[in-house]
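Colleague: give me a model of this one.
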Amino acid sequence: MKKRQTAPFYTSKKAIAVDFDWIISLGIFLIYLGVFFVAIRQLPTQQSPAAVLLENVLSGITDSTKWSVQKLPLVIMSNISGAEPIIVRFPYDWKNFSFRDKSSFDRKDGRLIFTKPLSQGKNIFELVTSSENYTQPLAVFELTASPNSASVDTERFLSEFQNSLLLRVSHFDKERLSNFNISISGLELKHETAASTTGITPLSAQYMLGFTQLNHTSIIVAGYPRIFNYVTTDVKEPHDIDISATLSNYTFFYINNALFGAINYTTGGCVESSGRYIDFYDDISGVSFVLPQGGSISFCAGNTTVRLGLQFPIGNETRYDLIFHHGDYNGTLKYVSPYKTALGIVENVTGLSLQLYTKINGTDYQALKKDWSYPNSREFGFALYNYTGELFLNYQPKASGITNVFVKEADVFVLDKYATKTRHKLRIKGW
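Modeller: This is a model prediction of the structure:
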């Protein structure tokens, strides 16, 4: 049998040229296609007329409901822990404001008075103000006060005043302090001729005595058997203030670790020292005097009482404290340097107001159309849902009926008067 001869395969030069041209043409086409899509992406996106109108409504709503809340941090660097009464200078002229946590406070003579739980280290509390009104929560405080007295019954503490100057203090049913007097640079101040004012609220009692040379203010905060005293003066020259008082029913004293012990009423005698702290106590309770800076401390025992004298320099505003307490001095040594306060920078927080949203309901529909560039021949409505999906507000002056309805949704952030933002859903319909 003869083998079949296979003809050899030949490719013509013409066929190779055709294939090469086809490859070049395909490459050019792909390059063109790529350039075309890149160019298309650079063109501005054209919105439909309905989308433009809904965008106008969205802008109109957000512009009409935009508002701001000012937030101010109050920083307290504390060496102590636990709930404490705090008094701090507040230089802002805010008339309407609140703590963000809605806690109660007083504002008297440029001072904020409040109580807060403190932890050791940095504590930050925030104040807010806005065009909305703030109300403090109704609360019952441990303070019974009048122009002549202030008491904290749970602490068995009673302080009495005469013409806004401290007269007498009873603690645990015993008289502890009497014959309280103040003088400046050796000049006794006659409180009978001074102008006296009082400020009584459920949270605090303030007793202010105005002399020619200075003002003396005593503040008692609800729940605490303490008397916070402020001396303010415009005198430019340095002056010392002298505090004197008679103390009764105490058996021990403490100034520092080198100067303490029993009070000797039998032989009498005097003790003199310098420092910022002295405490008198018995087996039940005591009283600490805390000075703002180093001063002279002295007392003399006689019969059954102690006559105390304190002298220390004063500036434009100087504070000293009387702290009545349980037990001995160990519970109050920490109040020599309890904390420091500082106000931060006011922050302007912006968002949308629910109050302004509801105000839109009372706005004329045709006026809104004009303000928001919406044609009279077409209609719109919108609904606002809170972060849980619950309908909060539904604004729809006209029913849509059977027609094509266009819808636009947007996430918006609602800002309340306490500077808290929450995400809401705004749904706009147009037809």
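Colleague: ok, residue 424 - contacts?
Modeller: Contacts for residue 424 (C-beta atoms under 8 Å, 6 or more residues apart in numbering) come out as 352, 384-387, 392, 411-414. In this view, the C-beta of every residue, glycine as well, is placed from N, C-alpha and C.
Colleague: right, I mislabeled it, should have said residue 113
Modeller: Applying C-beta under 8 Å, 6+ apart, one finds that residue 113 lies in contact with 85-87, 105-107, 203-204, 219, 221.
Colleague: kindly recompute the last result at 10 Å.
Modeller: 85-88, 90, 104-107, 199, 201, 203-204, 206, 219-222, 228 (C-beta atoms under 10 Å, 6 or more residues apart in numbering).
Colleague: likewise residue 295?
Modeller: 240-243, 273-276, 289, 310-313, 320.
Colleague: hey, what's it bridged with?
Modeller: residue 275 (DSSP bridges).
Colleague: and the gap between it and residue 357?
Modeller: Relative to residue 357, residue 295 is positioned 59 Å away (C-beta to C-beta, to the nearest Å).
Colleague: equivalent analysis for residue 216, please.
Modeller: From residue 216 to residue 357 the distance is 51 Å (C-beta to C-beta).
Colleague: please identify which of those two sits among more neighbours.
Modeller: More crowded of residue 216 and residue 357, by other C-beta atoms under 10 Å: residue 216, with 25 against 21.
Colleague: secondary structure element holding that one?
Modeller: strand 215-221 (DSSP states H and E).
Colleague: show the average pLDDT along that strand.
Modeller: For strand 215-221, mean pLDDT rounds to 97.
Colleague: what pairs with it, and is each one parallel or antiparallel?
Modeller: strand 204-210 (antiparallel), strand 226-232 (antiparallel).
Colleague: which of those strands sits most buried?
Modeller: Highest mean neighbour count of these: strand 204-210, a mean of 24 (counted as mean count of other C-beta atoms under 10 Å).
Colleague: in CSV, could you pull the C-alpha coordinates for it?
Modeller: Written as CSV, here are the backbone C-alpha positions of strand 204-210 (Å, rounded to 0.1, in the frame of the first residue of the first chain):
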residue,chain,number,x,y,z
SER,A,204,-26.6,76.8,99.5
ALA,A,205,-26.8,79.7,101.9
GLN,A,206,-24.7,82.7,101.5
TYR,A,207,-24.1,85.5,104.0
MET,A,208,-22.2,88.6,102.8
LEU,A,209,-21.0,91.5,104.9
GLY,A,210,-19.8,94.6,103.2
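Colleague: turn the strands paired with strand 215-221 into TSV, including distance to residue 174 and mean pLDDT.
Modeller: Output for the strands paired with strand 215-221, formatted as TSV (distance: least, C-beta to C-beta, whole Å; pLDDT from 0 to 100):
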stretch	distance to residue 174	mean pLDDT
strand 204-210	22	96
strand 226-232	17	97
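Colleague: for these, which one sits closest to residue 281?
Modeller: Across the strands paired with strand 215-221, residue 281 has its closest neighbour in strand 226-232 (15.2 Å, C-beta to C-beta).
Colleague: can you name the next helix or strand after that closest one?
Modeller: Sequence order places strand 239-248 as the next helix or strand after strand 226-232, per DSSP H and E.
Colleague: quick one: that following strand to strand 215-221, angle?
Modeller: 50 degrees (axes from the mean of the first three to the mean of the last three C-alpha atoms, to 10 degrees).
Colleague: helices or strands next to strand 239-248 in the packing?
Modeller: Identification of packing neighbours for strand 239-248 by 3 or more C-beta pairs under 10 Å, 6 or more residues apart in numbering; DSSP states H and E yields strand 165-171, strand 174-184, strand 187-188, strand 226-232, strand 285-302, strand 305-314, strand 317-326.
Colleague: where does residue 126 land on pLDDT?
Modeller: If you check residue 126, the pLDDT there is 98.
Colleague: surely it touches residue 116?
Modeller: No: the pair residue 126 / residue 116 is not scored as a contact, 11.7 Å apart, by C-beta atoms under 10 Å.
Colleague: who does the residue nearest the centre of the chain bridge with?
Modeller: For the chain, the residue nearest the mean C-alpha position is residue 126 (2.2 Å; C-alpha atoms, centre = their mean). Per DSSP bridges, residues listed as beta-bridge partners of residue 126: residue 73.
Colleague: mind listing what it touches?
Modeller: Residues counted as contacts of residue 126 (C-beta under 10 Å, 6+ apart) are 71-74, 98-101, 344, 347, 418-419.
Colleague: how about the residues you listed in CSV, adding distance to residue 167?
Modeller: Output for these, formatted as CSV (distance: C-beta to C-beta, whole Å):
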residue, distance to residue 167
71, 43
72, 38
73, 40
74, 34
98, 36
99, 34
100, 40
101, 37
344, 40
347, 46
418, 42
419, 45
